[in-house]
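Need coordinates for the following:
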Amino acid sequence: MHAGNSAAPQRTAGDLFVRRLLRISDAPVQTTSQDAYSSFQRSMLISATRCTLTYVIFPFVLPALSFGNGLGPAIGIVIGIVAMVCDVFSVRRFFAVDHRWRWRFGAVASGVIVLLAVLLVQDIVHLLT
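The predicted structure follows:
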């Protein structure tokens, strides 16, 4: 719920646009700011795991263990998609509770989503070539 205030929050045109884009209704929200923080932490952990796999595990550990070339990109695609979905849900939670840092968290999550999308395309190209 919105910081214990029973009055409807004042929202900017940007807030209204993002709420429509993320399909957030104006119905009472059962999510708290702590839920939003937890969701954001979880999505960033998944994204960090994806990056660690991409830049440490796949290029160095898998070849040393003689695993096939297609395993890394296939796992990366799955984890990348899961991470992007979690990022979107965490941004939804911040906007749903009208959190005061929703735009900052949204910017960070958007940046991570862009980076994950680049990795996703690289993995798909790697599997196709």
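
Let me know the distance separating the spatially most central residue of the chain from Ile79.
By Cα atoms, centre = their mean, the mean C-alpha position of the chain lies nearest to Asp87, the distance being 1.5 Å. For Asp87, the distance to Ile79 equals 12 Å [Cβ to Cβ, to the nearest Å]. For the C-beta atoms, the positions are set from N, CA and C on the backbone; glycine is no exception.

next helix or strand past the lowest-mean-pLDDT helix or strand in the chain?
Lowest by mean pLDDT, DSSP states H and E among the helices and strands of the chain is helix 62-64, with a mean of 65. Heading C-terminal from helix 62-64, the first helix or strand you meet, by DSSP states H and E, is helix 71-96.

Check which helices and strands that following helix sits against.
helix 13-21, helix 33-52, helix 102-128 (3 or more Cβ pairs under 8 Å, 6 or more residues apart in numbering; DSSP states H and E).

among those helices, which gets the worst mean confidence?
Mean pLDDT is lowest for helix 33-52 among these, at a mean of 84.

And the contacts of that helix?
Outside helix 33-52, the residues that touch it by Cβ atoms under 8 Å, 6 or more residues apart in numbering are 3, 76, 79-80, 82-83, 86-87, 89-90, 93-94, 96-97, 99, 105, 109, 112, 115-116, 119.
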